[in-house]
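>>> Next come a sequence and a model predicted from it.
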Amino acid sequence: MAKNKRKILLLGFDSLTYGLLMRWLHKLQGFRELMFDLKTAWGPLESTMPPLSPPAWAAIATGMNPGKTGIFGWMTFDKVTRQLKHASLQNIKGLTFWDIAMLLKKMRVALIRFPVITYPQYNRFLFKKTGGVLISGMPIEDLTPETVHPEQLAFKLSRDSTLKIVPIVNIDIPRNEQNVEKIVRRSMLKWHKVSLELFKAEDWDIFSVVFTELDLIQHYFMGHMDPEYPHKEYLSKGYKNTIFFFYKLVDRILRDYLKVADNYDIIIVSDHGSGPVYYDINMNYILAKLGLLNYYQEKTLGFISIRKSIRDIATKFLEREVILQDIIRNMPEFVNKYAISKFRNIWLKSTTEYVLSVANIKMTSVIAFGDFSNIYVLNTRNISTVRMVLKRIINRLINRLPEHLQRKAILDIFEASSIFKTLHLKNTMPDLVAYGEVLKPTSKLPMQPLIATPVKTGDHTRDGFYLIKSDLIGTPSNSKNIRQQIYSIAPTILAILGLPIPNIVDGEPLVKCGLSKVIDHKRLKIRLQLASRRQNIYDRIVAT
């Protein structure tokens with residue numbers, strides 16, 4: 001590789017789990033060859049707290065913890081306005097590594113399905129200016145000119161009505177194994193074909209593709225492979241090796257890229273790991289029983305349950321009917337915007353927004369939102385006392401479990417001030433974060449049960465995975481099987497490319513390339529804003 005021309009291939013696999021990768025390494029040829037390479041560093045990658053896709057992928061992109069990105073889950077609660085808003089990078093203080101690459105060096109970037117933070121496409125003008133490619137990631141589903149740049153690529157990809165940014169499959173329905181496995185596998189193979197063709201077609205400075213399918217598979221099939229999973233009656237037989245087969249598919253994708261990526265430094269990364277879930281623990285039930293969460297008694301689950309049941313039935317039917325998917329894709333824009341999109345997003349809103357709708361928020365002191373509950377203390381300052389009381393109740397719950405489950409279960413409450421390095425986001429930052437393995441803290445409606453059989457048999461853990469192949473790797477003995485933090489990925493990419501690292505990041509480069517340059521994040525942000533304004537003025541002039 002030329003000394004002045006480094007290029008990055010970033011392969012993201014949502015929920016690629018360090019422990020499972022180590023278990024099956026002897027059967028994964030591509031990973032095995034890379035991990036024994038002297039120029040490779042690898043190991044467990046510690047995810048964000050909570051280990052959810054929105055804060056984790058935002059951390060990978062920026063090198064900043066959730067206290068700085070302001071992304072703590074799929075939705076964020078504002079304690080002042082008492083309103084919820086969707087995760088977005090538009091208003092954060094820092095920039096993504098691809099923003100910096102395009103803004104400072106006009107590098108050509110292809111960003112394919114990077115989750116959560118690539119829609120709305122606030123930096124689309126940079127891709128347009130540098131000849132890049134941008135395909136938004138989950139939870140966006142449809143391939144349209146608003147979610148794909150350039151537009152002609154959107155039209156080309158949308159000809160295949162079964163190709164979605166997120167595959168149309170419902171992992172909340174029991175005994176839907178055959179459908180889930182088939183649809184998710186098809187999606188993964190199609191996106192592999194699309195991304196590999198784009199990679200080979202051009203010379204890229206940064207090429208990034210993220211496969212989110214493994215996360216869906218581990219949510220659905222983790223219980224099938226766990227001999228101690230307590231709810232086998234809800235599972236079909238014959239699927240205990242499904243997750244392993246998908247790890248083999250991940251390895252195949254990796255080997256295909258290795259054949260054509262000789263001139264690239266390679267980074268493989270996952271946002272978090274995955275493990276089994278035996279029981280859901282409803283934190284809002286506990287808060288309501290303690291008198292900290294006040295809710296309207298007359299509001300029932302009836303309407304909510306009906307809406308979710310209708311969606312489950314419709315989605316299951318839609319999974320099988322390709323013709324119907326094609327009809328929906330060609331619906332007028334206003335139908336998609338006001339009917340179909342609203343219907344599809346019930347899964348995102350069904351818990352979080354309904355919790356807020358049933359809560360008497362003026363009389364509520366503490367409320368929880370989201371998976372791995374983000375807990376907001378509203379009308380009391382004694383956060384430590386709330387944490388102590390919740391921990392005491394949780395410990396009692398764990399002590400009532402059978403002994404073999406007590407050994408496996410993890411459930412704890414963390415004060416946000418101990419895990420987030422904040423940057424003036426006090427209004428939206430949760431005060432407490434609940435995290436668990438085997439026992440999963442959830443934020444369901446307060447009138448729902450304390451303990452419930454989980455809808456998904458697997459969920460997120462903090463041990464993701466990283467691998468870096470570069471001749472900038474230091475001593476091999478100090479680079480193998482070393483735990484690193486997720487915040488180190490963005491500064492590593494910037495360091496490899498010789499780009500300055502914003503002074504706001506929380507991680508350090510994992511490669512040796514001399515003294516890394518540092519730049520004021522405020523200057524970068526101003527420069528991006530000015531470039532965006534100039535582009536808007538230019539576009540208006542051209543349009544007239």
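Arrived safely, thanks for sending.

>>> Does I267 touch K7 like I think?
No. Using Cβ atoms under 8 Å, I267 is not in contact with K7; the gap is 11.3 Å. Yep, even glycine has a C-beta here, placed from its N, CA and C like the rest.

>>> More neighbours: which of the two?
I267 (23 against 20; other Cβ atoms under 10 Å).

>>> Quick check: I519 vs L499, distance?
Remark: distance between I519 and L499 (Cβ to Cβ, to the nearest Å) = 9 Å.

>>> Let me fix that, I meant to ask about E151.
Plainly put, E151 is 29 Å away from L499 if you go by Cβ to Cβ.

>>> So those two - more neighbours on which side?
L499 (20 against 11).

>>> Look up which helix or strand F207 falls in, please.
strand 206-211 (DSSP states H and E).

>>> Number of residues surrounding the nearest residue to F244 once chain neighbours are set aside?
Distances taken as Cβ to Cβ, 6 or more residues apart in numbering place W24 nearest to F244, at 6.0 Å, with adjacent residues excluded. A count of nearby residues for W24, using other Cβ under 10 Å, gives 16.

>>> and if you look at G464?
Counted with other Cβ under 10 Å, G464 comes out at 29.

>>> can you give me how far the helix or strand where it lies is from the chain middle?
For G464, the host element (DSSP H and E) is strand 463-469. Remark: strand 463-469 is offset 16 Å from the chain centroid, using Cα atoms, centre = their mean, to the nearest Å.

>>> name the helices or strands packed onto that strand?
helix 18-23, helix 29-35, strand 40-46, strand 265-269, strand 273-282 (3 or more Cβ pairs under 8 Å, 6 or more residues apart in numbering; DSSP states H and E).

>>> Quickly run through the sheet partners of it, with directions.
strand 40-46 (antiparallel), strand 265-269 (antiparallel) (DSSP bridges).

>>> was I right about the residue nearest to F244 contacting F245?
No. With contact defined as Cβ under 8 Å, W24 does not count as touching F245 (10.4 Å).

>>> any low-confidence regions in this structure?
1-4, 89-94, 298-351, 380-381, 423-424, 474-479, 514-515, 538-539, 542, 544 (pLDDT under 70).

>>> Show me how it divides into domains.
What automatic domain parsing lists as the domains of the chain is 8-272+462-525, 278-458.

>>> Need the winner for burial among the ones you listed.
Most buried of these, by mean neighbour count (mean count of other Cβ atoms under 10 Å): domain 8-272+462-525, with a mean of 20.

>>> Could you give the separation of that domain from the chain centroid?
On Cα atoms, centre = their mean, the centre of domain 8-272+462-525 falls 8 Å from the chain's centre.

>>> So which elements touch the strand or helix carrying I100?
Using DSSP H and E, I100 sits in helix 97-105. Other helices and strands packing on helix 97-105, by 3+ Cβ pairs under 8 Å, 6+ apart, are helix 53-62, strand 109-114, helix 124-130, strand 206-211, helix 489-496, helix 521-543.

>>> quick check: angle from that helix to helix 53-62?
30 degrees (axes from the mean of the first three to the mean of the last three Cα atoms, to 10 degrees).

>>> Please enumerate the helices of the stretch 201-350 of the chain.
213-225, 242-258, 283-289, 302-320, 322-329, 333-335, 341-344, 346-349 (DSSP state H, counting those that start in this stretch).

>>> What lies in contact with the very next helix or strand once past the last one?
Next in sequence after helix 346-349, counting helices and strands by DSSP H and E, comes helix 352-358. Here helix 352-358 makes contact (Cβ atoms under 8 Å, 6 or more residues apart in numbering) with 74-75, 77, 82, 84, 284, 295-296, 299, 304, 367-370, 443-447.

>>> where's the closest residue to L52 other than its chain neighbours relative to P174, distance?
Sequence neighbours aside, G73 is the residue nearest to L52 in space, at 5.4 Å (criterion: Cβ to Cβ, 6+ apart). Applying Cβ to Cβ, the value for G73 to P174 is 25 Å.

>>> repeat for F199
38 Å.

>>> now the domains of the chain in JSON lines, with distance to S532?
Below are those laid out as JSON lines (distance: least, Cβ to Cβ, whole Å):
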{"stretch": "domain 8-272+462-525", "distance to S532": "6"}
{"stretch": "domain 278-458", "distance to S532": "21"}
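
>>> Hmm, I100 and L499 touching each other?
Yes. The pair L499 and I100 passes the contact test of Cβ under 8 Å, sitting 5.6 Å apart.

>>> follow-up on the earlier one: for the helices and strands packed on strand 463-469, which one sits closest to I537?
strand 265-269 (36.6 Å; Cβ to Cβ).

>>> follow-up on the earlier one: contacting residues around the residue nearest to L52?
50, 52, 54-55, 87, 369-372, 374.

>>> Could you list which of those residues belong to strands?
The strands, defined by DSSP state E, take in 369, 374 from the contacts of G73.

>>> Return the distance of stretch 398-406 from the chain's centre.
Counting by Cα atoms, centre = their mean, stretch 398-406 comes out at 31 Å from the chain centroid.

>>> Convert that stretch to CSV, retaining C-alpha atoms only.
Listed next in CSV are the C-alpha coordinates belonging to stretch 398-406 (Å, rounded to 0.1, in the frame of the first residue of the first chain):
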residue,chain,number,x,y,z
ILE,A,398,-32.8,-12.8,41.9
ASN,A,399,-32.6,-14.6,45.3
ARG,A,400,-36.0,-16.2,44.6
LEU,A,401,-34.7,-17.7,41.3
PRO,A,402,-33.5,-21.4,41.1
GLU,A,403,-29.8,-21.7,42.0
HIS,A,404,-28.7,-22.4,38.4
LEU,A,405,-30.4,-19.2,37.2
GLN,A,406,-28.9,-17.1,40.0
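
>>> follow-up on the earlier one: just so I know, which of the strands paired with strand 463-469 lies nearest L494?
strand 265-269 (11.8 Å).

>>> Could you look up the SS state of the residue nearest to L52?
coil (DSSP: H, G, I helix; E, B strand; the rest coil).

>>> Can you list phi and psi of it for me?
phi -180, psi -170 (degrees, to the nearest 10).
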